[in-house]
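S.K.: Task: produce atomic coordinates for the following.
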Amino acid sequence: MSRSYKLYLLHNWDQIRVLKLRDANLTEPPRCWTVIEPQVSVSSQGQVTTMWASADGEPSVDVLLALDSGTVVVVSCEEMTDIGLTNGPFLKMSVSPTGKILACFNERGDVWVVSTDFSSNLSTFATKSPQPPTQLVWCGTDAVVCYWSGEDNILFLIGPRTDKDNWLKFSYDEPIHLVPEPDGLRIFSAAQCEFLQRVPNVVESVLKMGSTSPGAMLLAAWEWFQKKSAKADDTLRHDIKVELAQAV
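M.R.: Numbering: from 1, shown residues only. As a prediction, the model looks like this:
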């Protein structure tokens, strides 16, 4: 974004070639803005699938601009579209790693999660915070994370498709910085690095209380084997049977 609020796209550093995006007619900076990258942008579907395309295939980005009027404008190389929203203005926006879901934080303190084509309203979560978060990022594609720095250093984790009572709160003794990853979230402090992620489905199927999945049965057989019990053999023969490869 230039000083006159025009948008330009630089494809890569090896072959310097700058494309000007459509004019959004901005006379002042947007409240916030974010970019849907070429490999996942709506505009690039069916054209190119990688960011580092050749000059023959023009990768396109979608730039989302949150305006004072409360709406969002989507700008690409081909067009400029006013979505016509009324639940803004939005102070923070963040796109999921897949480029399919958008999280927005508005002036009322609501986290609104919507598909990036704005056709599906997934959820609205009221944080009741008059201040926008220091960071609004994704934890993989499973949850939205709001972080407020200050005396408390509070982190809220909100499921993108959950009800208002389904959330987690973390508090830190020192300031942190969040780095989203495709499969989770890195949390950096001065002393350590943590990784926050959803429990993988295979781990849940094995360790969930009362699970009868082949993996859970194999784990039970191993525990019986450690106790030198014949139940280990019975479990392998009768509970797992032909599903041993899946259990492993």
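S.K.: Only C-alpha atoms from now on, for both contacts and neighbour counts.
M.R.: Fine.
S.K.: Going along the chain, name the helices of this protein.
M.R.: Using DSSP state H, the helices of the chain run over 201-207, 214-226, 231-234, 244-247.
S.K.: Turn those into TSV, including mean pLDDT.
M.R.: Putting the helices of the chain into TSV (pLDDT from 0 to 100) gives the following:
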stretch	mean pLDDT
helix 201-207	90
helix 214-226	91
helix 231-234	88
helix 244-247	86
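S.K.: now these as CSV including mean neighbour count and distance to Phe125?
M.R.: Listed next are these as CSV, based on neighbours: other CA atoms under 10 Å; distance: least, CA to CA, whole Å:
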stretch, mean neighbour count, distance to Phe125
helix 201-207, 13, 25
helix 214-226, 19, 36
helix 231-234, 16, 48
helix 244-247, 13, 39
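S.K.: how about those, which one is nearest Val61?
M.R.: helix 201-207 (32.7 Å; CA to CA).
S.K.: Would you mind writing the CA trace of that closest one as CSV?
M.R.: The C-alpha trace of helix 201-207 is given here as CSV (Å, rounded to 0.1, in the frame of the first residue of the first chain):
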residue,chain,number,x,y,z
ASN,A,201,-7.9,-37.2,15.8
VAL,A,202,-5.7,-40.3,16.0
VAL,A,203,-4.4,-39.4,19.5
GLU,A,204,-8.0,-38.8,20.7
SER,A,205,-9.2,-42.1,19.3
VAL,A,206,-6.4,-44.0,21.1
LEU,A,207,-6.5,-42.2,24.5
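S.K.: Run through this protein and note the low-pLDDT ranges.
M.R.: 39-59, 161-165 (pLDDT under 70).
S.K.: try 80
M.R.: Across the chain, the ranges flagged by pLDDT under 80 are 11-13, 15-16, 38-60, 160-166, 239, 241.
S.K.: Would you mark the buried spots in stretch 132-146?
M.R.: Judged by neighbour count using 16 or more other CA atoms under 10 Å, the buried positions of stretch 132-146 are 132-133, 135-146.
S.K.: and those as TSV, adding distance to Cys104?
M.R.: Shown next, in TSV, are the buried residues of stretch 132-146 (distance: CA to CA, whole Å):
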residue	distance to Cys104
Pro132	10
Pro133	11
Gln135	11
Leu136	8
Val137	10
Trp138	11
Cys139	15
Gly140	16
Thr141	15
Asp142	16
Ala143	13
Val144	10
Val145	11
Cys146	11
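S.K.: if we can go back for a sec, okay, the helices of the chain in CSV with distance to Glu79 next?
M.R.: As requested, the helices of the chain are exported to CSV (distance: least, CA to CA, whole Å):
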stretch, distance to Glu79
helix 201-207, 41
helix 214-226, 51
helix 231-234, 65
helix 244-247, 49
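S.K.: between the ones you listed, which one is nearest to Ser115?
M.R.: helix 201-207 (23.9 Å).
S.K.: which residues sit against that closest one?
M.R.: 211, 213-217, 219 (CA atoms under 8 Å, 6 or more residues apart in numbering).
S.K.: one more time with 10 Å, if that's ok
M.R.: By CA atoms under 10 Å, 6 or more residues apart in numbering, the surrounding residues in contact with helix 201-207 are 208, 211-220, 247.
S.K.: Can you tell me which of those residues lies closest to Cys193?
M.R.: Lys208 (27.3 Å).
S.K.: contacting residues around the closest one?
M.R.: Here Lys208 is in contact with 202, 216 (CA under 10 Å, 6+ apart).
S.K.: so how far is Trp224 from it?
M.R.: According to CA to CA, to the nearest Å, Lys208 and Trp224 sit 18 Å apart.
S.K.: just Gln246 next, same as before
M.R.: From Gln246 to Trp224 the distance is 20 Å (CA to CA).
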